[in-house]
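A.B. asks: show me how the following folds:
(2 chains)
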Amino acid sequence: MLSVTVKDLKILIRDWGALITLFLSPLMFIIVMSLALGQAFGNLGQGSPVRLLLVNDDADGALSASFVTELETAASRGGILLERRAPNDMPLDPATAERLIVGRQRSMAVLIPPAFSARVEQGEQAAVQFVMDPGAAQQVVRPVQGMVEAALAGSASRFATRRSITAALAAALPGEAAADISQRLEVAFAQPTGGAAAQLDVSTPAGMVAPKYPSVFQQNVPGYTIMYVFFIVMTMALSVLQERRDGMLRRLLAAPVSKAAILAGKLLTYYMVTLLQVTVLFGVGALVFRMDLGVHPLGLVLITLALSACAVSLGLLLAAFARSDQQVLGVGTIVVLVLAALGGSMVPPVFMPEAMASLARITPHGWALSGYQDVMVRGALPTDVLPNAGVLLAFASVFFLVAVRRFRFD
Amino acid sequence: MGVEAAPAAGQLATRESALALRDVTKRYGATTAVDGLTFTVHAGEIFGLLGPNGAGKTTTISMVCGLFPPTEGTITVGGYDTVRQSNEAKRIIGVVPQDLAIYPTLSTVDNLMFFGSMYGLRGRMLADRVREALELVGLSERARQPITTFSGGMKRRANIAAGLLHHPRLLLMDEPTVGVDPQSRNHIFECIRRLNRELGMTVIYSSHYMEEVEALCARIAIVDHGRLIALDTRDGLVAQLGGGIVYLGLSNVDAELVGRLAALRLVAEVELVEPSAPSTDTDRILKCTTHDAQGALLEMIPTTTAAGVRITSLEISAPNLESVFLHLTGKSLRE
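C.D. replies: A predicted model of the protein is given here:
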């Protein structure tokens, strides 16, 4: 059996095409897709802050000051970054803000016009401008717009209330006393409403925790590793077909070795290759891309052992049914790519609609990927991923049993 | 000679019988590939299996190798039943298949190391046997080069070497010279003779090349449509034709003329056959087996002239295996 394994490894080492497919190609995919999707993954979970430009051309105005203070408090609570300067640290003016939005460097800006407070003080109609990129995601823009409106309404309301009280006091009290109280009122009303007695208390149901999302490498490294582990299906089936076509299998059967030993030797070769594939790709992920392997990496080993068994069994199944190289390449490519797409290797399940994401559960890829990510992202123990390994081994058993029943040596 | 767990000689049913087939039949559905073959190959002989493509030679060899069992009948190799004692039989059989069943991207050494290990050879013994086989087939100097760089003849020699490593007592060679140049063919022949002479290997040489079988084999089995149609030494087979066959095309033939020709001193047998192609002149062909073709012809001409019959065509078939096959089956080996 080991002689078959050694021989197959020697053949594989000389097959540059297969080595590129199994090792170099997934690395290229991981690098390219990680660079392409890095930003999208960055928005998962904690994400990067939403940015809001603020141009205050009414710096001396009391209402503007109150509005800005209110806005700052609300933005801080909402995780929104208020930017008063341009990205190049130049001063921000309305034209620059608009240029940044047109250039899609920013998506929203609040513009307070000159003499805004004075005009409101004089009872004129004055407006703060909210400028937005029409292409910006509405689920981001709308809450920010609401927050700006609330801050503005709060400030304006307090401003109007203070003005009414001041006017009433001026009519009712002597000049000095009214002026003193008015000054105190002005200070008091300048405070944002956050410190008020009625406030919003944010809480989560007991025991409920925020989902943890994989980083771009925690998705792409296991995802493309799984996809390319299954490319062994075609390498293996092509090798079997060539040996069958060239009479090698018949010649081996003429030797005093069992069919089981010949098949086991062949399976062992490709099993070892897939283990090496996973080790190399995860190794590069961890060492070069600083991918976090989780607290209990032993779970990764369990998933890998079961995943490799599943892949080589599927390879044997394809070799048992295919009658030509064209069939191997045609059926193999469809099986490998479709299963990878359904299983979340290409598009992360978190980006998929719920129904689509649940389809991942019918593929070995889905079980392997969720197992890997449970270990790396969610700190799962090796025992926690035993069900994943078990399902993968169940897939492997079915593939293997059907393949052995159908396998022909000539 | 070092073959792992090789059966003891005392276990052989008869020391003379390296291979015995008894009423061996192989059917695939309605098709009968081998039909009641019975013959024995003696230990130490080079035995020819001659027949056209599709005659059942490869199927017979595959059954002897134990690749699949016969539908009916029994095959014993060195006394071991190839079905019930398959592993024991396989240990004393070496196979050189018709296909180039060697790994093209590996070197000859890597190929031979692998095939040797399949027969239980290990370590120094394996290395020695590989060296010996390479020397035997004349590939020592190219041993480390991949098979893909070899000529057709060299590939065939590497294919042969892979079947010799465990020093089989019975070497089965299925069309081992297909596509090789004359020089490589001679090399292969010399190699087979050395194996037979120096190592005492019994060789079964299957081919549809009459000249090869004639040149190498002491005894020859002629098969066609899965049936054994003749088995003898080369001289014994050719003797069936006496001094050759004269095919006489005549304008008119009647029973009286056939009788007169058959009664001639140098004519052994006369048979009426159909012409192979339509002819305007020839309506009947007589196949005359003779004791001496030239002498018989000199006797025939006066006889036909006296009968007033014109000779429209004449063909003398020299006595060789080709004419034996033609005589027995009515067709050429290459048809």
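A.B. asks: whichever residue of chain A sits closest to chain B: what's it in contact with?
C.D. replies: Residue of chain A nearest chain B, by CB to the nearest CB: A:G247 (3.1 Å). For every residue, glycine as well, the C-beta is placed using N, CA and C. Contacts for A:G247 (CB atoms under 8 Å, 6 or more residues apart in numbering or on different chains) come out as B:P97, B:Q98, B:D99, B:L100, B:A101.
A.B. asks: and these near chain A, which?
C.D. replies: With CB under 8 Å from any CB of the partner chain as the criterion, the contacts of A:G247 include B:P97, B:Q98, B:D99, B:L100, B:A101 near chain A.
A.B. asks: between those residues, identify the one with the most neighbours.
C.D. replies: Of all these, B:P97 has the most neighbours under the rule other CB atoms under 10 Å in any protein chain shown, reaching 26 neighbours.
A.B. asks: dump the residue contacts of A:L173.
C.D. replies: Contacts for A:L173 (CB under 8 Å, 6+ apart) come out as A:I181.
A.B. asks: tell me how far it lies from A:R184.
C.D. replies: Separation of A:L173 from A:R184 (CB to CB, to the nearest Å) stands at 13 Å.
A.B. asks: compute the number of surrounding residues for B:E211.
C.D. replies: 12.
A.B. asks: what's the longest helix in chain A?
C.D. replies: Identified as the longest helix of chain A according to DSSP state H is helix A:138-172.
A.B. asks: what about that helix, average pLDDT?
C.D. replies: Per-region confidence: helix A:138-172 scores 85 on mean pLDDT.
A.B. asks: mind checking how far stretch B:261-268 is from the chain centre?
C.D. replies: 33 Å (CA atoms, centre = their mean, to the nearest Å).
A.B. asks: about what we covered before: just list what the longest helix of chain A packs against, helices and strands only.
C.D. replies: strand A:50-56, helix A:62-78, strand A:108-112, helix A:116-121, strand A:129-132, helix A:175-190 (3 or more CB pairs under 8 Å, 6 or more residues apart in numbering or on different chains; DSSP states H and E).
A.B. asks: got CSV for these, with mean neighbour count too?
C.D. replies: Listed next are the helices and strands packed on helix A:138-172 as CSV, based on neighbours: other CB atoms under 10 Å in any protein chain shown:
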stretch, mean neighbour count
strand A:50-56, 21
helix A:62-78, 20
strand A:108-112, 23
helix A:116-121, 19
strand A:129-132, 16
helix A:175-190, 13
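A.B. asks: TSV for the ones you listed, including distance to chain B?
C.D. replies: TSV is the format used below for those (distance: least, CB to the nearest CB, whole Å):
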stretch	distance to chain B
strand A:50-56	58
helix A:62-78	64
strand A:108-112	62
helix A:116-121	80
strand A:129-132	63
helix A:175-190	83
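A.B. asks: near chain A, which residues of chain B show up?
C.D. replies: Checking chain B against chain A by CB under 8 Å from any CB, the hits are B:62, B:65-67, B:86-87, B:90-91, B:93, B:95, B:97-103, B:105-106, B:110, B:114-115, B:117-120, B:146, B:162.
A.B. asks: out of the residues you listed, which sit inside strands?
C.D. replies: Using DSSP state E, the members of those that fall within strands are B:I93, B:V95.
A.B. asks: sorry, back to before: tell me the one of the ones next to chain A among the contacts of A:G247 nearest chain A?
C.D. replies: The nearest member of the ones next to chain A among the contacts of A:G247 to chain A, counting by CB to the nearest CB, is B:D99 at 3.1 Å.
A.B. asks: ok so, going back, which one of the ones next to chain A among the contacts of A:G247 is nearest B:T76?
C.D. replies: Lowest distance from B:T76 to those (CB to CB) belongs to B:P97, with 21.4 Å.
A.B. asks: how close does that closest one get to A:A255?
C.D. replies: In this structure, B:P97 and A:A255 are 12 Å apart, going by CB to CB.
A.B. asks: list the contacts of A:A150.
C.D. replies: Per CB under 8 Å, 6+ apart, neighbours of A:A150: A:A74.
A.B. asks: could you pull out the buried residues of the strand or helix carrying A:L392?
C.D. replies: Element membership for A:L392 (DSSP states H and E) is helix A:386-406. Under the neighbour-count criterion of 16 or more other CB atoms under 10 Å in any protein chain shown, helix A:386-406 has A:N388, A:A389, A:V391, A:L392, A:L393, A:F395, A:A396, A:F399, A:F400, A:A403 buried.
A.B. asks: run through who's touching it.
C.D. replies: With CB under 8 Å, 6+ apart, helix A:386-406 has contacts from A:263, A:302-303, A:305-307, A:309-310, A:312-314, A:316-317, A:319-321, A:364, A:367-368, A:370-371, A:374.
A.B. asks: what about B:Y103, neighbour count?
C.D. replies: Close neighbours of B:Y103, defined as other CB under 10 Å, add up to 24.
A.B. asks: ranges for the helices of the stretch 51-200 of chain B?
C.D. replies: Using DSSP state H, counting those that start in this stretch, the helices assigned to the stretch 51-200 of chain B run over residues B:57-65, B:86-91, B:108-118, B:123-137, B:152-161, B:182-198.
A.B. asks: isn't B:A161 up against B:T108?
C.D. replies: Yes - shown here, B:A161 and B:T108 form a contact pair, counting by CB atoms under 8 Å, at 7.0 Å.
A.B. asks: number of residues surrounding A:D89?
C.D. replies: A:D89 is flanked by 7 other residues according to other CB under 10 Å.
A.B. asks: and it, helix, strand or coil?
C.D. replies: Recorded secondary structure, A:D89: coil (DSSP: H, G, I helix; E, B strand; the rest coil).
A.B. asks: for it, give its distance to A:V68.
C.D. replies: From A:D89 across to A:V68, the span is 20 Å (CB to CB).
A.B. asks: what of B:G179?
C.D. replies: B:G179 sits 91 Å away from A:V68, going by CB to CB.
A.B. asks: B:C65 too?
C.D. replies: Counting by CB to CB, the gap from B:C65 to A:V68 is 93 Å.
A.B. asks: B:R22 now?
C.D. replies: In this view, B:R22 and A:V68 are 108 Å apart by CB to CB.
A.B. asks: one more: B:Y103?
C.D. replies: Using CB to CB, we find B:Y103 at a distance of 78 Å from A:V68.
A.B. asks: do the same with B:L170
C.D. replies: Remark: distance between B:L170 and A:V68 (CB to CB) = 101 Å.
A.B. asks: then B:E175?
C.D. replies: According to CB to CB, B:E175 stands 95 Å off from A:V68.
A.B. asks: any low-confidence regions in chain B?
C.D. replies: Scanning chain B for pLDDT under 70 picks out the ranges B:1-16, B:275-283, B:331-335.
A.B. asks: pick out the residue nearest the middle of it.
C.D. replies: B:L49 (2.4 Å; CA atoms, centre = their mean).
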